[in-house]
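Colleague: Requesting a structural model of the entry that follows:
(2 chains)
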Amino acid sequence: MNGRTSATTAGKGNAPGRTGSSPRGGASGWSGNVAQPDVLKPPSGKLPQLLRGMKDILPVDQPYWNAVLNAVDAEARAFSFEYIEVPVLEATSLFKRSVGEATDIVEKEMYTFADKGGDSISLRPEFTASVARAYIEHGMLNQPQPVKLYTVGPLFRYERPQAGRFRQHTQFNFEVIGEAHSIVDAQLMLLLDHFYRGFELTPSFQINSIGDANCRPAYVKLLKAYAQKHKEKLCEDCRERLQQNPLRLLDCKQPGCHEVLRGAPQTVDHLCEACKDHFVRVLEYLDEVDVSYVLNPRLVRGLDYYTRTTFEVWASEDETGAQAALGGGGRYDGLIEQLCGRPTPAVGFGVGIERVVHLLKERGFTPPLPAPPMFFVAQLGEPARKRALKLFNDLRAEGYRVAEAFSKEGIKHQLEVANRLKVQFALIIGHKEMIDETILIRDMESGIQEVLDFAKVMPELRKRLEKLQANGETSPVPAA
RNA sequence: GUGGUCAUGGUGUAGUGGUAGCACAGGGGCUUGUGGAGCCCUUAGCAUGGGUUCAAUCCCCAUUGGCCACCCCA
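Modeller: As a prediction, this is how the structure comes out:
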């Protein structure tokens, strides 16, 4: 698959934000006589705390994250997307040229700084620009088109944090590059719809078309003229928008502006024939697969590269709360060209995983928990401890998940741990068993114990698990 | 970036102008061969910095952070 997640192994591989390499060079700090006295000195001062707007994703949340990430992988497989990973840092100019210099994201929300060589670099505030860059840079236009890519990872925006809004958040993104056909737009939304339905979420799809280079300039002119007439009634921001980015007038939430813009010309009424046709077909395809949507003439997005189809996914129909947007995307037919690639049509979307997880918790979704270990190895006394360690290793090599508390003394305590872990069988080795060359197996549920020949444990254990499995009581025995 | 609101152990909470209880969680124990119960012990906290005061966790100010609205967005 994608080499990122092994889909079923919880906690492995899909730790958000640190996909990829671990610091392998770390050994150097511990070798040699490099002074490192700070660690040994008594602490002075406070623990440097979590940066504003940052969030630890703790083990308790991992089941939710795994559920989401597994669903993402499943959708990717079902719709034939390939996984790509792009760097967290990019040249600042990449985002200026794609997202747009006058957008809020670039203007005031980017983490931008000069690196040691003096180049201006930025923490990525979104994915599409990087994926488009990768498409061009690696000549993916020579692959069969369209190129369908998906990715998962952290994005950074310097905003004022709120519930559901962080300075580092995680998105999954799907992009289809090199295909202009309207059916692709619909397919992406179908994928999303399917994703949400998998969690029994039925969010509201808001959709609009904002035209293309052909028809948008004329429309913007119209809109501008209209707004100009009502300038006195517009808020200060909107007067600014009138100059900078007139399309954004449409989604101002100030009641006054809202009122004024009610009578404004709508994008959908001023699309050129090609754009109109495209939009109508997208809607037809959506109807065909029963993806319900709401036509939202005020939906314009905060990134400049969008053309034609734009859409957002809202947690509920009436988007009152500010963080209701669960995802958003659209077509960006001009972006590749703008980044110096050949003219290449494309569509894509992004979904904020934190928000999805938040909603899942709110709705009482119970994520699948990782299966408990099958065995717990308990020991009494030092010789038994050694044998137990060996047994642990052998079981592990056979593919079993095995728990233990080797550092503990006392069987009582160890069984307590086994119980807490909901382990199926405890395997006990004590003084007596050492002498008899046996092992004690205890069914944790019934409390029934049996003595097994130590030499024959492996086949015996396998037999037991197979029996359990036949009764449908446990997860499959791993293949030998 | 603007406005509002809040801040007590890891978590959830009580309380006071004379430096703090409780519950859960964590650790240890109830004679180092038997878990799910119980009992006992124990770790751990007034976000930070100033000010007022004999005395501040409490009052005031600032900072930091969370949350809410705006902005923007996922």
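
Colleague: can you list the weak-confidence ranges in the stretch 151-300 of chain A?
Modeller: Scanning the stretch 151-300 of chain A for pLDDT under 70 picks out nothing.

Colleague: which parts of it sit against RNA strand B?
Modeller: Counting by CB under 7 Å from any atom of the strand, the residues of the stretch 151-300 of chain A lying close to RNA strand B are A:157, A:159-167, A:169, A:171, A:237, A:248, A:251-254. (C-beta placed from N, C-alpha, C; glycine too.)

Colleague: Show me the shaky parts of the stretch 351-480 of chain A.
Modeller: Within the stretch 351-480 of chain A, the segments meeting pLDDT under 70 span A:472-480.

Colleague: Could you rerun that using 80?
Modeller: A:469, A:471-480 (pLDDT under 80).

Colleague: Tell me which stretches of it form helices.
Modeller: Here the stretch 351-480 of chain A has its helices, by DSSP state H, counting those that start in this stretch, at A:353-362, A:382-397, A:411-420, A:431-436, A:457-470.

Colleague: Would you mind finding the most buried of these?
Modeller: Most buried of the helices of the stretch 351-480 of chain A by mean neighbour count (mean count of other CB atoms under 10 Å) is helix A:353-362; its value is a mean of 20.

Colleague: Looking at chain A, which residue is nearest RNA strand B?
Modeller: Closest approach of chain A to RNA strand B (CB to the nearest atom of the strand) occurs at A:Gly302, with a separation of 0.8 Å.

Colleague: Give me the pLDDT for that residue.
Modeller: For A:Gly302, the model assigns a pLDDT of 78.

Colleague: Chain neighbours aside, what residue packs nearest to it?
Modeller: Leaving aside its sequence neighbours, A:Gly302 sits nearest to A:Thr103 (CB to CB, 6 or more residues apart in numbering; 5.8 Å).

Colleague: Enumerate every residue touching the one you found.
Modeller: Shown in contact with A:Thr103 (CB atoms under 8 Å, 6 or more residues apart in numbering): A:Asn245, A:Gly302, A:Leu303, A:Asp304.

Colleague: A:Asn296 too?
Modeller: The neighbours of A:Asn296, taking CB under 8 Å, 6+ apart as the test, are A:Gln206, A:Ile207, A:Asn208, A:Glu312.

Colleague: Would you agree A:Leu389 is in contact with A:Phe406?
Modeller: Yes. With contact defined as CB atoms under 8 Å, A:Leu389 counts as touching A:Phe406 (6.3 Å).

Colleague: What is the neighbour count of A:Ala227?
Modeller: A count of nearby residues for A:Ala227, using other CB atoms under 10 Å, gives 22.

Colleague: Output the helix or strand hosting it as CSV - backbone C-alpha positions only.
Modeller: Per DSSP states H and E, A:Ala227 falls inside helix A:216-229. Output of helix A:216-229 as CSV, limited to C-alpha atoms (Å, rounded to 0.1, in the frame of the first residue of the first chain):
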residue,chain,number,x,y,z
ARG,A,216,-15.3,35.4,-14.0
PRO,A,217,-13.7,38.7,-14.9
ALA,A,218,-17.0,39.9,-16.4
TYR,A,219,-18.9,38.7,-13.4
VAL,A,220,-16.6,40.3,-10.9
LYS,A,221,-17.0,43.6,-12.8
LEU,A,222,-20.8,43.3,-12.5
LEU,A,223,-20.5,42.5,-8.8
LYS,A,224,-18.1,45.3,-8.2
ALA,A,225,-20.4,47.8,-10.0
TYR,A,226,-23.3,46.5,-7.9
ALA,A,227,-21.4,46.8,-4.6
GLN,A,228,-20.1,50.2,-5.6
LYS,A,229,-23.7,51.5,-5.8
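
Colleague: measure the closest residue to A:Tyr400 other than its chain neighbours to A:Ala426 for me?
Modeller: Residue nearest to A:Tyr400 in three dimensions, not counting chain neighbours: A:Met374, with 5.3 Å by CB to CB, 6+ apart. Counting by CB to CB, to the nearest Å, the gap from A:Met374 to A:Ala426 is 11 Å.

Colleague: hmm, the helix or strand containing A:Gly330 touching RNA strand B?
Modeller: Using DSSP H and E, A:Gly330 sits within strand A:325-331. Yes. Applying CB under 7 Å from any atom of the strand, one finds strand A:325-331 touching RNA strand B at A:Ala325, A:Leu326, A:Gly327, A:Gly328.
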